[in-house]
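> Need coordinates for the below:
(chains A and B)
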Amino acid sequence: MNSLQHLNGDNHRPKILVAEDEPDIRELVAITLSFSGFNVVAASDGVEAMAMIDAHSFDLIILDVRMPRMTGYEACRRLREREETKETPIIFLSAKGQESEVKAGLEAGADEYIVKPFAPNELTHRVRMALIGREE
Amino acid sequence: VIEGKHVSVHLSPVFARGQFFGTVSIFRDVTQEVEVDRMKSEFVSTVSHELRTPMTSIKGFAELLLMGAAGSLSEPQSRYLEVIRDNADRMSGLVNDLLDISRIESGRTVLDLQAIDLGRLVNDVVTSHLDSLIRREDKPMGLELYIARSLPSINADPDRITQILINLLDNAYRYTLAGGTITVTVKPTGDQVEMSVRDSGIGISQENLEKIFDRFFRSEDAVVQQVPGTGLGLAIVQSLVEMHGGEIAVSSEVGIGSTFTVYLPTAFGERVKVN
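Okay, the predicted model is just below:
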């Protein structure tokens, strides 16, 4: 890779993977984060997300909890077992917001747990916090 | 539970001419009632979660547009989008209330009890919450906050106490005209700590005072009808207070204002507290 490519804006923007089975919400998350300057790639379930993670590296991963084929919990568990994604910030998105559910999500290895419906600002803020948190 | 059936048993002694005669025992099979109850709360929980997904899109895309993510907006466009967003928020509030009440009723709400400093919690919540209300609704309101200096700690779930307080503050703010005053007091009384929220609002009629803790009850009053609400807030507050072993009382006068007072028992481990 030449130095010019390094200076290219795209390479400096944190790369985020979003796995969400609801097309509208997937688009909402992708647009929100792109608008805030992140480089976003989307997957429609856990299996697709794992395949993308095999091929590329990401600075942060957002997982919907309830997805067909592979749930967000299962994907998170597998990511935490892998050397290259052991430290990658993971954020859960979920329609379940009871304290016990949030706690279970964080215990499963996620850095943040965002309850639907969320405000785009809140999503961006939490993504930034998670990215900063891992850098320190 | 007898042989897989839920049975309700009611016993009462029978006296005749001052003498104990025997006992009447009534056994009633309530299996179906228990099952219906379980199905009802399961239904509420499923519907609530299913509602959250479309609400996420409605709220999220309205906010994206308001952020200017798809270009700049005219004044009416912004205003209409704010209406969409605010109503999506209102609907999520309703879903949260429904979930709360169904969880409380089915006994699935578990308190995370710990010794807490109620004065500090009230101080933090009241100031920030009222500030955000005033900013959002653009309706000025005076605040008086009295917190007794030496308060015993209480044995409570801080998240739930916050929920109780926010509910009472929201009501006080909503049902008080601009320029009114909300007074929040925290002080010890006997072996309890008392937290009261008083407003200088429209007040509650004697007749309605008996019903305000009922689920879905809302006054027919025109001012009340204008304020969005589900009629679940105070039912939730009362249940949460009672789960803490506390009590809630209300006094009100139409046109003068209302006072809601919550009594919470002090922590058992109080003497362990280091001052």
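> And the residue of the stretch 101-250 of chain B at minimum distance from chain A, its phi and psi?
Nearest to chain A, among the residues of the stretch 101-250 of chain B, is residue B:159, at 6.7 Å (C-beta to the nearest C-beta). The way it works is simple: take the backbone N, C-alpha and C, and place the C-beta from them, glycine included. Main-chain dihedrals, residue B:159, degrees, to the nearest 10: phi -60, psi -40.
> cool, and residue B:196?
Backbone torsions for residue B:196, taken as degrees, to the nearest 10, come to phi -130, psi 150.
> circling back: so what's the residue count around the residue of the stretch 101-250 of chain B closest to chain A?
Neighbourhood size, residue B:159 [other C-beta atoms under 10 Å in any protein chain shown]: 11.
> now do residue A:44
That count, for residue A:44 with other C-beta under 10 Å as the rule, works out to 18.
> what's the answer for residue B:237, then?
22.
> coming back round to it: unless I'm mixing things up, the residue of the stretch 101-250 of chain B closest to chain A is touching residue A:98, no?
No: judged on C-beta atoms under 8 Å, residue B:159 makes no contact with residue A:98 at a distance of 10.9 Å.
> show me what contacts the residue of the stretch 101-250 of chain B closest to chain A?
A:99, B:112 (C-beta atoms under 8 Å, 6 or more residues apart in numbering or on different chains).
> repeat that for 7 Å
Applying C-beta atoms under 7 Å, 6 or more residues apart in numbering or on different chains to residue B:159 gives the contacts residue A:99.
> mind checking how far it is from residue B:44?
21 Å (C-beta to C-beta, to the nearest Å).
> Residue B:82 in helix, strand or coil?
helix (DSSP: H, G, I helix; E, B strand; the rest coil).
> Can you show me the strands along chain A?
Under the criterion DSSP state E, strands of chain A are mapped to A:15-19, A:39-43, A:60-64, A:90-94, A:112-115.
> which stretch of helix or strand covers the residue nearest to residue B:215 when sequence neighbours are not counted?
Leaving out its chain neighbours, the residue that sits closest to residue B:215 by C-beta to C-beta, 6 or more residues apart in numbering or on different chains is residue B:235, at 4.5 Å. Taking DSSP states H and E as the definition, one finds residue B:235 inside helix B:233-243.
> Give me the contact list for that helix.
B:97, B:100-101, B:104, B:109, B:111, B:160, B:163-164, B:167-168, B:171, B:212-215, B:247-248, B:262.
> Just give the strands next to the next helix-or-strand element following it in its sheet, each with its orientation.
Per DSSP H and E, the first helix or strand lying C-terminal to helix B:233-243 is strand B:247-253. Take DSSP bridges as the rule and strand B:247-253 pairs in its sheet with strand B:257-265 (antiparallel).
> Could you check the pLDDT of residue B:219?
Looking at residue B:219, its pLDDT stands at 80.
> neighbours of residue A:96, just the number please.
Applying other C-beta under 10 Å, we find 20 residues neighbouring residue A:96.
> Please give the element, helix or strand, for the residue lying closest to it once chain neighbours are set aside.
Computed as C-beta to C-beta, 6+ apart, the closest residue to residue A:96 that is not its neighbour in sequence is residue B:49, at 6.4 Å. Take DSSP H and E as the rule and residue B:49 turns out to sit in helix B:31-66.
> Just want the angle from that helix to strand A:60-64.
Computed by axes from the mean of the first three to the mean of the last three C-alpha atoms, to 10 degrees, the angle separating helix B:31-66 from strand A:60-64 equals 140 degrees.
> what about the chain, any weak spots by pLDDT?
In the absence of a named chain, this looks at chain A. The model of chain A has pLDDT under 70 over residues A:1-11, A:134-136.
> Not quite, go with chain B.
Applying pLDDT under 70 to chain B picks out residues B:268-275.
> Residues of it that sit close to chain A?
B:49, B:52-53, B:55-57, B:59-61, B:63-64, B:67, B:69, B:88, B:92, B:159 (C-beta under 7 Å from any C-beta of the partner chain).
> Next to chain B, which bits of chain A? Give me the list.
So far as C-beta under 7 Å from any C-beta goes, chain A lies against chain B at A:22, A:24-25, A:28, A:31-32, A:35, A:95-96, A:99, A:116-120.
> Among the residues you listed, which pair sits farthest apart?
A:35 and A:99 (31.0 Å; C-beta to C-beta).
> Which one of those two is surrounded by more residues?
Between residue A:35 and residue A:99, residue A:35 has the larger neighbour count (other C-beta under 10 Å), namely 16 against 13.
> shouldn't that one be in contact with residue B:68?
No: between residue A:35 and residue B:68 there is no contact under C-beta atoms under 7 Å: 8.8 Å.
> Residue A:52: what's it in contact with?
Per C-beta under 7 Å, 6+ apart, neighbours of residue A:52: A:17, A:41, A:43.
> most neighbours, which of those?
residue A:43 (24 neighbours).
> what about residue B:233, distance to residue B:96?
Distance, residue B:233 to residue B:96, using C-beta to C-beta: 11 Å.
> For these two, work out which one has more neighbours and name it.
When neighbours are counted by other C-beta under 10 Å, residue B:233 comes out ahead of the other of residue B:233 and residue B:96, with 22 against 18.
> Run through the helices of the chain in chain order.
If you meant another chain, say so; for now it's chain A. According to DSSP state H, chain A carries its helices in the segments A:3-7, A:9-12, A:23-35, A:46-55, A:72-81, A:99-107, A:120-135.
> try chain B instead
Taking DSSP H, the helices of chain B run over residues B:31-66, B:75-105, B:118-137, B:158-174, B:206-209, B:222-226, B:233-243.
> ranking the strands of chain A by burial, who's on top?
strand A:60-64 (a mean of 27; mean count of other C-beta atoms under 10 Å in any protein chain shown).
> Sheet partners, orientation included, of that one?
Paired strands of strand A:60-64, defined by DSSP bridges, are strand A:15-19 (parallel), strand A:90-94 (parallel).
> Quick one: closest of these to residue B:40.
Among the strands paired with strand A:60-64, strand A:90-94 comes nearest to residue B:40, with 23.5 Å by C-beta to C-beta.
> quick one: contacts of the closest one?
A:20, A:60-65, A:72, A:76, A:79, A:101, A:105, A:109-116, A:126-127, A:130.
> if we can go back for a sec, mind putting the strands of chain A into a markdown table with distance to residue B:82?
Compiled in a markdown table, the strands of chain A are given as follows (distance: least, C-beta to C-beta, whole Å):
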| stretch | distance to residue B:82 |
| --- | --- |
| strand A:15-19 | 27 |
| strand A:39-43 | 27 |
| strand A:60-64 | 27 |
| strand A:90-94 | 24 |
| strand A:112-115 | 22 |
